[in-house]
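Participant: Give me a 3D structure for the following:
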Amino acid sequence: MTTAPVLEGRNLTKYFWVKQGRGLLARKSPVHAVDNVSVSLDARKVTAFVGESGAGKTTVARILAEITKPDKGTVLLDGKPVQAGRPRSYAKQVQMVFQDPFASLNPVHRVRHDLERPLKIHHLVNGNTDKAVDDLLERVALKPPRQFADKFPHELSGGQRQRVAIARALAVKPRVLIADEPVSMLDVSIRLGVLNLLADLRDREKLAILYITHDIASARYLADTIVVMYAGQLVEAAPSVELTDRPAHPYTQLLLSAAPDPDRAQPPVLAGIGAPPSLLAPPTGCRFHPRCPHVMEVCRHKAPPSIAVSPDHIAACWLHVDPAERQASENGVLATGPLEPEKSKR
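Facilitator: Okay, the predicted model is just below:
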């Protein structure tokens with residue numbers, strides 16, 4: 001019997017509207033931040049979202065946390081659609097840890113206040129809040145707890161502040177933890193400690209964790225599954241070792257080639273193939289085709305289907321489509337002309 005995911009997003013789509021031009025000629029245009037993305041989070045599993053800045057990773061995370069409302073698609077908790085508006089019962093089960101721990105903590109209050117507040121709001125402690133705060137600090141390896149409880153955020157290191165932010169999220173005993181680039185603003189020397197803490201929480205607390213990052217190496221270290229996003233779309237997903245050892249999408253291959261490697265004499269490949277596209281006017285067909293070293297004519301005009309290249313490994317790329325079917329699609333493009341972009345049909 002298959003267990004339903006703890007948290008799931010189906011066909012999530014989100015546009016942000018921006019004003020272009022001035023005066024009477026000004027008009028609003030949609031930024032295609034997320035287009036038809038689906039993801040599921042399972043208990044005791046870490047799912048990593050990887051991609052360049054602007055790929056839509058944080059927007060998906062905020063939709064799943066019910067901070068941002070999707071234009072299309074559904075968020076499900078235990079297989080049931082979530083009510084709009086982020087009710088307190090949902091916030092108790094799904095917590096988010098933000099990228100900048102200093103900005104997410106109140107600078108005028110001590111650590112004790114930040115940890116006591118969720119306990120009181122959700123009525124999770126009866127009287128002895130000091131012990132509850134101590135327990136939270138010990139769970140994130142801030143010992144002795146009394147030494148940290150009475151400090152202000154500016155008196156802590158970046159790693160310690162991030163651990164406090166994680167402790168605050170754990171205060172309500174959530175089932176899902178969404179971590180939005182939790183180590184990107186930390187020194188390299190202390191990133192491993194925070195990643196190990198997340199791994200320990202996954203196993204000890206049985207949490208479902210969504211880990212947002214642009215670092216595919218840390219995703220392989222921490223995650224059970226890696227999902228690769230590009231220009232608002234999901235382009236590849238697989239178990240972490242499978243994806244990093246046998247990447248199927250050209251973008252994933254280029255991401256891996258750009259990962260730091262002290263033995264590599266040549267510069268990363270990704271640095272020399274141009275910038276990501278504007279999401280105000282995404283490319284037709286495959287959004288990666290302007291930068292792809294394997295681009296074909298069909299890629300320019302028709303979006304690729306998601307293909308199972310192996311069990312639990314999917315990639316949205318024409319390279320993995322049956323040659324006869326791909327040729328038929330190419331012939332169709334040549335016969336009818338370029339397909340109208342899907343965005344203009346909405």
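
Participant: Pull stretch 9-25 out as PDB, backbone CA atoms only.
Facilitator: Provided in PDB are the C-alpha atoms of stretch 9-25 (Å, rounded to 0.1, in the frame of the first residue of the first chain):
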ATOM      1  CA  GLY A   9       1.800  20.600  -4.900                       C
ATOM      2  CA  ARG A  10       0.000  19.700  -8.100                       C
ATOM      3  CA  ASN A  11       0.400  21.800 -11.300                       C
ATOM      4  CA  LEU A  12       1.400  24.900  -9.500                       C
ATOM      5  CA  THR A  13       1.500  28.100 -11.600                       C
ATOM      6  CA  LYS A  14       2.300  31.600 -10.400                       C
ATOM      7  CA  TYR A  15       2.600  34.900 -12.300                       C
ATOM      8  CA  PHE A  16       3.800  38.200 -10.900                       C
ATOM      9  CA  TRP A  17       2.600  41.200 -12.800                       C
ATOM     10  CA  VAL A  18       5.000  44.100 -13.400                       C
ATOM     11  CA  LYS A  19       4.300  47.500 -15.000                       C
ATOM     12  CA  GLN A  20       6.200  48.300 -18.200                       C
ATOM     13  CA  GLY A  21       6.400  51.700 -19.900                       C
ATOM     14  CA  ARG A  22       5.200  55.100 -18.600                       C
ATOM     15  CA  GLY A  23       2.100  57.100 -18.700                       C
ATOM     16  CA  LEU A  24      -0.700  56.200 -21.100                       C
ATOM     17  CA  LEU A  25       1.500  53.600 -22.800                       C
END
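
Participant: what does it contact?
Facilitator: 26-40, 56, 59-60, 63-64, 68, 70-76, 280 (C-beta atoms under 8 Å, 6 or more residues apart in numbering). Yep, even glycine has a C-beta here, placed from its N, CA and C like the rest.

Participant: Can you select the buried ones among the residues you listed for me in ChimeraX?
Facilitator: Selecting only the buried entries of the contacts of stretch 9-25 in ChimeraX, with 16 or more other C-beta atoms under 10 Å as the criterion:
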select :30,31,32,33,34,35,37,38,39,40,56,59,60,63,64,68,70,73,75,76
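
Participant: Could you look up the SS state of residue 33?
Facilitator: Under DSSP: H, G, I helix; E, B strand; the rest coil, the three-state class of residue 33 is strand.

Participant: is it true that it touches residue 280?
Facilitator: No. Using C-beta atoms under 8 Å, residue 33 and residue 280 do not qualify as a contacting pair, with a distance of 10.6 Å.

Participant: residue boundaries of the strands in this structure?
Facilitator: 7-20, 27-41, 45-50, 72-77, 80-81, 94-97, 176-180, 208-213, 225-230, 233-239, 306-310, 313-316 (DSSP state E).

Participant: Turn those strands into CSV, including distance to residue 119.
Facilitator: Putting the strands of the chain into CSV (distance: least, C-beta to C-beta, whole Å) gives the following:
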stretch, distance to residue 119
strand 7-20, 23
strand 27-41, 25
strand 45-50, 26
strand 72-77, 22
strand 80-81, 27
strand 94-97, 13
strand 176-180, 17
strand 208-213, 22
strand 225-230, 32
strand 233-239, 37
strand 306-310, 43
strand 313-316, 41
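
Participant: Among these, which comes closest to residue 258?
Facilitator: Between residue 258 and these, the tightest spacing by C-beta to C-beta is seen for strand 45-50, at 11.5 Å.

Participant: quick one: the closest residue to residue 35 other than its chain neighbours from residue 288, how far?
Facilitator: Sequence neighbours aside, residue 232 is the residue nearest to residue 35 in space, at 4.8 Å (criterion: C-beta to C-beta, 6 or more residues apart in numbering). Taking C-beta to C-beta, to the nearest Å as the measure, residue 232 falls 12 Å from residue 288.

Participant: Point out where the protein drops to low pLDDT.
Facilitator: Filtered on pLDDT under 70, the chain yields the residue ranges 1-2, 85-86, 260-273, 332-346.

Participant: Helices of that one, start to end?
Facilitator: Counting by DSSP state H, the chain has helices at residues 57-64, 88-93, 101-104, 111-121, 129-139, 145-149, 158-170, 188-205, 216-222, 240-245, 250-258, 297-301, 323-336, 342-345.

Participant: if we compare the ones you listed, which one ends up closest to residue 307?
Facilitator: Nearest to residue 307 among those is helix 323-336; the distance by C-beta to C-beta comes to 10.2 Å.

Participant: I'd like the helices of the chain as CSV, with distance to residue 176 appended.
Facilitator: Shown next, in CSV, are the helices of the chain (distance: least, C-beta to C-beta, whole Å):
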stretch, distance to residue 176
helix 57-64, 8
helix 88-93, 6
helix 101-104, 18
helix 111-121, 15
helix 129-139, 17
helix 145-149, 25
helix 158-170, 10
helix 188-205, 11
helix 216-222, 16
helix 240-245, 19
helix 250-258, 26
helix 297-301, 36
helix 323-336, 38
helix 342-345, 31
